[in-house]
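Visitor: Here's a sequence, model it:
(one chain, ligands or ions: 1)
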Amino acid sequence: MKPRVLQHGRLMASLERALAEHFDVHPLWQEADPKAFLRAHGGEFTGLATSARFGADRALMEAMPRLAVIANFGVGIDTIDLEAARERGVAVSNTPDVLTDCVADLALGLVIDVARRLSAADRFVRRGDWPKGQFPLATRVWGKKLGIVGLGRIGAAIARRAGGFDMPVRYHSRRLVENSPYEYEASVTALASWADFLVVACAGGAATRHLVSREVIEALGAGGYLVNISRGSVVDEAALVEALQAGRIAGAALDVFEDEPNVPPVLFALDNVVLLPHIASATHETRQAMADCVLANLRSWFDSGRLVTPVP
Ligand code: NAP
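Guide: Residues are numbered from 1 along each chain as shown. Predicted structure coming up:
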């Protein structure tokens, strides 16, 4: 008998196929009335496969009384109610490390894009504006000060890449990172005051909601750029939009938003803003490695009762 695993939301096709080989998988997303299905069958499942987008809230866990393990496709676990999982003794895994370098690559890509105005220059050429005149000058990247909010796995990989551009790096997180070569700033506001580029790479969730506040955005100032590859919830998006419209910061490059996939339409008109549809980990190689990690966690759990990459 294969263990019964409930699948919450669509996953990569290759992962769906691999899960079906090893488990008796039921796609909750195909149910016309998921609540009614859970009332009738929730007690049959011991595993849940989900993603950072769909997560697992308390109500879902309550509807699955035999649930023992949740495997999340993604490193961010802000959409999983960890407290509810702990109360029920449900083990949770995520996909750390395998996505770190691709996300850091994208962060540096955004720094370069927003400063050197790559996307804006591309639009300029496509519009047929080049024969009419020169594209305006942009801002230098190398040697500029890079502030990182959250020097975790991804933040540290961003810092290493910034070294290749001779950028001095400072960071803020709740704790000072021992033996780090980078200088610590005790507040995000102090980090923003110092930085030319403020790159947000911390965890999402309630504890970091609007950590990049109106005050932080003001501290970044008219010459500063904000880059966010973390979670939309970390930035006060309304304050950011206001600051961009008023020219109180130089620009922003955003992979994540408060209400995805909805992006504030006023941003579409601003040429100093780079907008991406949450693609920081979205390469063939990294997404496959994440899929392998989800499968490895579920297989290991059902074989040995241990996860490969447990969320602490
Ligand atoms: P990680 O190694 O756990 O790093 C998280 C960092 O956030 C740590 O430095 C942590 O430091 C800091 N942090 C947590 N709470 C904080 C708070 N309240 N104030 C200040 N700093 C805080 O995680 P990771 O693997 O680098 O991933 C980071 C995040 O990137 C994920 O949680 C996810 O949301 C996001 N992500 C986005 C994409 C995308 O597609 N855009 C892809 C992958 C990941 P302290 O604990 O010392 O505070």
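Visitor: Check the average confidence over stretch 154-171, would you?
Guide: For stretch 154-171, the mean pLDDT works out to 98.
Visitor: what comes up buried for it?
Guide: Across stretch 154-171, burial judged by 16 or more other CB atoms under 10 Å covers 154-159, 161-162, 167-171. Quick note: C-beta positions are derived from backbone N, CA and C, even for glycine.
Visitor: How about stretch 89-100?
Guide: The neighbour-count check on stretch 89-100 (16+ other CB under 10 Å) flags V90, A91, V92, S93, N94, T95, P96, V98, L99, T100 as buried.
Visitor: Then stretch 301-312?
Guide: For stretch 301-312, burial by neighbour count (16+ other CB under 10 Å) applies to W301, F302, L307, V308, T309, V311.
Visitor: That one and the ligand, any residue contact?
Guide: No: against the ligand, stretch 301-312 shows no contacts by CB under 6 Å from any ligand atom, the least distance being 9.5 Å.
Visitor: Quick check, L146 in contact with F197.
Guide: Yes: taking contacts as CB atoms under 8 Å, L146 lies within contact range of F197: 5.0 Å.
Visitor: follow-up on the earlier one: reformat the buried residues of stretch 89-100 as TSV; add distance to the ligand.
Guide: Shown next, in TSV, are the buried residues of stretch 89-100 (distance: CB to the nearest ligand atom, whole Å):
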residue	distance to the ligand
V90	20
A91	18
V92	13
S93	14
N94	8
T95	9
P96	5
V98	10
L99	5
T100	6
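Visitor: which one among those residues gets closest to I80?
Guide: V92 (6.1 Å; CB to CB).
Visitor: ok so that closest one is a helix residue?
Guide: No: with DSSP: H, G, I helix; E, B strand; the rest coil as the criterion, V92 is assigned strand and is not in a helix.
Visitor: Give me the pLDDT for it.
Guide: 98.
Visitor: measure L15 to N297 for me?
Guide: L15 sits at a distance of 12 Å from N297 (criterion: CB to CB, to the nearest Å).
Visitor: thinking N94 is in contact with T79, fair?
Guide: No: with contact defined as CB under 8 Å, N94 does not reach T79; the gap is 11.1 Å.
Visitor: burial of whichever residue of the chain sits closest to the ligand, as a residue count?
Guide: Across the chain, the shortest distance to the ligand (CB to the nearest ligand atom) belongs to G152, at 1.8 Å. For G152, the tally of surrounding residues (other CB atoms under 10 Å) stands at 18.
Visitor: Mind jotting down where the helices sit in the stretch 1-150 of the chain?
Guide: 13-22, 34-41, 58-62, 82-88, 100-116, 118-126 (DSSP state H, counting those that start in this stretch).
Visitor: Same check on the stretch 201-312 of the chain?
Guide: 214-220, 237-245, 284-304.
Visitor: Throw those into TSV and include mean pLDDT, thanks.
Guide: Below are these laid out as TSV (pLDDT from 0 to 100):
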stretch	mean pLDDT
helix 214-220	98
helix 237-245	98
helix 284-304	98
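Visitor: so can I have JSON lines of the ones you listed showing distance to I70?
Guide: What follows is the helices of the stretch 201-312 of the chain, written out as JSON lines (distance: least, CB to CB, whole Å):
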{"stretch": "helix 214-220", "distance to I70": "33"}
{"stretch": "helix 237-245", "distance to I70": "29"}
{"stretch": "helix 284-304", "distance to I70": "9"}
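Visitor: most packed of those helices?
Guide: helix 214-220 (a mean of 21; mean count of other CB atoms under 10 Å).
Visitor: The residue nearest the centre of the chain - nearest residue in space that isn't next to it in sequence?
Guide: The chain has S230 as the residue nearest its centroid, 4.0 Å off, counting by CA atoms, centre = their mean. Once flanking residues are discounted, S230 sits nearest to V200: 4.5 Å by CB to CB, 6 or more residues apart in numbering.
Visitor: show me the contacts for that neighbour.
Guide: Applying CB atoms under 8 Å, 6 or more residues apart in numbering, one finds that V200 lies in contact with V149, G150, L211, V212, L226, V227, N228, I229, S230, V234, V235.
Visitor: Those: which ones sit near the ligand?
Guide: G150, L211, I229, S230.
Visitor: quick one: which of these has the most company?
Guide: With neighbours set by other CB under 10 Å, the maximum within the ones next to the ligand among the contacts of V200 is found at S230, which has 29 neighbours.
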